[in-house]
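J.: attaching a predicted model along with its sequence, questions to come.
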Amino acid sequence: MSVVRSPFFIATTASALVLGAAALMARPAPTESPLARLKDACASKDVTLRGEPHRLLAMCTRSARESAPNDPGRIDLYLLKRDAEGWQPVAQQLGLESGQMGRPGEVNVLQLGANLYGFEISETSVSQGYLLGGTRLYVPREAGFQVALDITSTVRNTGTHECAHATPAVCSDFSRRLKLEVREGAAAYPLRITSLGHFRGAPVSATHVLSFDAKRAQYKLPAGFEAQVE
């Protein structure tokens, strides 16, 4: 059985199709959305400082998916103090760039003295067979955080073309280990750094002990110690 459409129905349908096509043509072209980022707690520790409850908290921001090698993650550092209304910030450092491919480095809370706590941020970058690692220590100072130490922790270029096809003098494979010398009641613990391996073809085996300068809120580098090498 055939269906007969009225002229009114046909005109209305045609008009709707034209309007729909016009709306689609007028709609702006979709733009690429910025890379989604996720933020969560990556280190936290409740401590007692001078008899009062405090919390050290690190919040890490990372890309939802792997991004470019030169795209860092971000870290927010907080020292919080609890009062009748909850946790309140005493010191904070926001937006520290760390890591690569949209992911920040590893964060840990360290006790550096009887009433001194801080954060250790360790990160590693890899490019064309070359591995470079670094470690930074942050301690609270006034309303922010101070870099107490910034050193190269690992150098390894044994996978590079230069090391494989050149003289051993360009090859490096060495690392540094950090260990706090805990002394009961000490305001700040000394920091022992042990370096092992070989660097640019020469053997490395050394130990340095760093003391803490409370006025500058930094570890003092001893003579002959190179903090940054590559």
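T.: That came in fine, so what should we check first?

J.: residue 205 against residue 195, yeah?
T.: Yes - applying CB atoms under 8 Å, one finds residue 205 in contact with residue 195, separated by 7.2 Å. For the C-beta atoms, the positions are set from N, CA and C on the backbone; glycine is no exception.

J.: which one's more surrounded, those two?
T.: residue 195 (20 against 10; other CB atoms under 10 Å).

J.: need the contact partners of the one helix or strand that one maps to.
T.: If you go by DSSP states H and E, residue 195 is part of strand 191-199. Under the contact criterion CB atoms under 8 Å, 6 or more residues apart in numbering, strand 191-199 has outside partners 149, 151, 155, 171-181, 203-210, 212, 219, 225, 229.

J.: give the buried subset of those as a ChimeraX selection command.
T.: The ChimeraX command for the buried members of those (criterion: 16 or more other CB atoms under 10 Å) is given here:
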select :149,151,155,171,172,173,174,176,178,204,210,212,219
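
J.: quick one: buried residues of the one helix or strand residue 147 maps to?
T.: Using DSSP H and E, residue 147 sits in strand 144-156. By 16+ other CB under 10 Å, the buried positions in strand 144-156 come out as 145-149, 151-156.

J.: one more: stretch 114-123?
T.: 116-123.

J.: with only the CA atoms kept, save that stretch in CSV.
T.: Extracted C-alpha coordinates of stretch 114-123, given in CSV (Å, rounded to 0.1, in the frame of the first residue of the first chain):
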residue,chain,number,x,y,z
ALA,A,114,65.2,15.6,65.9
ASN,A,115,62.7,18.2,64.7
LEU,A,116,63.7,18.5,61.1
TYR,A,117,61.9,16.6,58.3
GLY,A,118,62.0,17.1,54.6
PHE,A,119,61.4,15.6,51.2
GLU,A,120,63.7,13.6,48.9
ILE,A,121,63.0,13.8,45.2
SER,A,122,64.8,11.3,43.0
GLU,A,123,64.5,11.3,39.2
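
J.: now that stretch: how far from the chain's centre is it?
T.: Distance of stretch 114-123 from its chain centroid, counting by CA atoms, centre = their mean, to the nearest Å, is 14 Å.

J.: do stretch 57-76 as well
T.: Relative to its chain's centre, stretch 57-76 lies at 7 Å (CA atoms, centre = their mean).

J.: same check on stretch 206-224?
T.: Here stretch 206-224 is found 23 Å from its chain centre; the criterion is CA atoms, centre = their mean.

J.: cool, and stretch 194-209?
T.: 26 Å.

J.: same check on stretch 178-193?
T.: On the basis of CA atoms, centre = their mean, stretch 178-193 sits 24 Å off its chain's mean C-alpha point.

J.: can you give me the buried ones in that stretch?
T.: 178, 188-191, 193.

J.: now stretch 90-98
T.: 91, 93, 96, 98.

J.: quick one: which of those residues has the lowest pLDDT value?
T.: Among these, residue 98 carries the lowest pLDDT, at 92.

J.: could you check how far that one is from residue 221?
T.: Plainly put, residue 98 is 22 Å away from residue 221 if you go by CB to CB, to the nearest Å.

J.: what's the answer for residue 172, then?
T.: 21 Å.

J.: tell me, how many residues neighbour the residue lying closest to residue 167 once chain neighbours are set aside?
T.: Of all residues not flanking residue 167 in the chain, residue 201 sits nearest, at 7.4 Å (CB to CB, 6 or more residues apart in numbering). Neighbours of residue 201 under the rule other CB under 10 Å: 12.
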